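Student: next come a sequence and a model predicted from it.
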Amino acid sequence: MIALIQRVSSSSVEIDGKVAGSIGLGVNILLGILKDDTKEDINKLVKKIVKLRIFSDECGKMNLNIQDAGGSALVVSQFTLAGSVKKGNRPSFGNAKEPNEAKELYLEFIEKLTEYVDVQSGVFGAMMKVNIVNDGPVTFILDSKKI
């Protein structure tokens, strides 16, 4: 499971011109689900995201986690994170989990993250417009197999 984490001052997702989810201070999480991902990958990522000290303290140092900062999370499914451009110029998505199984893990990820912070989300599989005001910019790529 791959999560692209961006510290944001605000973020929202629109579907057909209507806001589906919106947050202020927090993290925008673009979530890619791979073929071999399981519930264990969800647990690893959620634990890491909640504990990541990427918010500034009173001295301006990245010392606070999302809970300490009083932040929220916006989770958006992003199957293109499973893409490979190793061969040729057209991305291959053979490493992405089958959509029905991926949707189940996506929803479980949101449910698990909700145990720790307020969570808004996009709609799995929908064509979305994501508005991100990256604060910093601060961006991290987390791979559940490498944390």
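Tutor: Sure, I can see it.
Student: residues in contact with the longest helix seen in the chain?
Tutor: When the chain is parsed with DSSP state H, its longest helix is helix 99-113. With contact meaning CB atoms under 8 Å, 6 or more residues apart in numbering, helix 99-113 is reached by 1, 31, 33, 37-39, 41-43, 45-46, 49-50, 73, 75, 77, 79, 96-97, 119, 121, 124-125. The way it works is simple: take the backbone N, C-alpha and C, and place the C-beta from them, glycine included.
Student: look up the closest residue to the spatially most central residue of the chain, ignoring the ones flanking it.
Tutor: Within the chain, the residue whose C-alpha comes closest to the C-alpha centroid is residue 29; the distance, by CA atoms, centre = their mean, is 1.9 Å. Setting aside the residues directly before and after it, residue 29 is nearest to residue 75 in space (CB to CB, 6 or more residues apart in numbering), at 4.8 Å.
Student: likewise for residue 69?
Tutor: The shortest distance from residue 69 to any non-neighbouring residue, by CB to CB, 6+ apart, is to residue 55 (3.7 Å).
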